[in-house]
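*Asks:* missing the sequence, but the structure's below:
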């Protein structure tokens, strides 16, 4: 579990270092590979997703595993980003950070048995997974979008 915590923290620190203190011009840069989103939209997406994964962990632990209803990931992503439109990047980053800190603190309190609880999303996105898999997905998801953000921020304005 300590390795998982270390990776969540390192992942957190990398995103905060990259995105903290962006200018409005940087936050408005388009993201290669997703022309509909700007840098600020990716940060909004990360904030919403981290909060969603935290909720999933909490439900899994409270219920000893859980079968979530299927959902349309693309529609949900667009909806959650739209809900956060117009908010400053620093506010979005603070929202993500609060959720990540809560993920880390939640993980610290879990047993190996709780990390092994099983769940499903009806095969709509994740298929079958464990509580531990949600934490792993949070890390991979942030890493994926860190790469997107690095490419966007490396482009000439």
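*Replies:* Received, thanks. What you are looking at is a predicted structure, and each value in this text was computed from that prediction instead of being measured.
*Asks:* give me the below-cutoff pLDDT ranges for this protein.
*Replies:* 156-157 (pLDDT under 70).
*Asks:* how close does the most centrally placed residue in it sit to residue 32?
*Replies:* With distances taken as CA atoms, centre = their mean, residue 50 lies nearest the centre of the chain, 3.4 Å away. Distance of residue 50 to residue 32, given as CB to CB, to the nearest Å: 22 Å. C-betas here are computed from N, CA, C, even on glycine.
*Asks:* again, but for residue 15
*Replies:* 18 Å.
*Asks:* and these two? Which one has more around it.
*Replies:* For residue 15 versus residue 32, the count of surrounding residues by other CB atoms under 10 Å is larger for residue 15: 22 against 12.
*Asks:* each with direction, which strands does the lengthiest strand in the chain pair with?
*Replies:* In the chain, taking DSSP state E as the definition, the longest strand is strand 34-38. Strand pairing for strand 34-38, using DSSP bridges, gives strand 30-31 (antiparallel).
*Asks:* cheers, nothing more for now.
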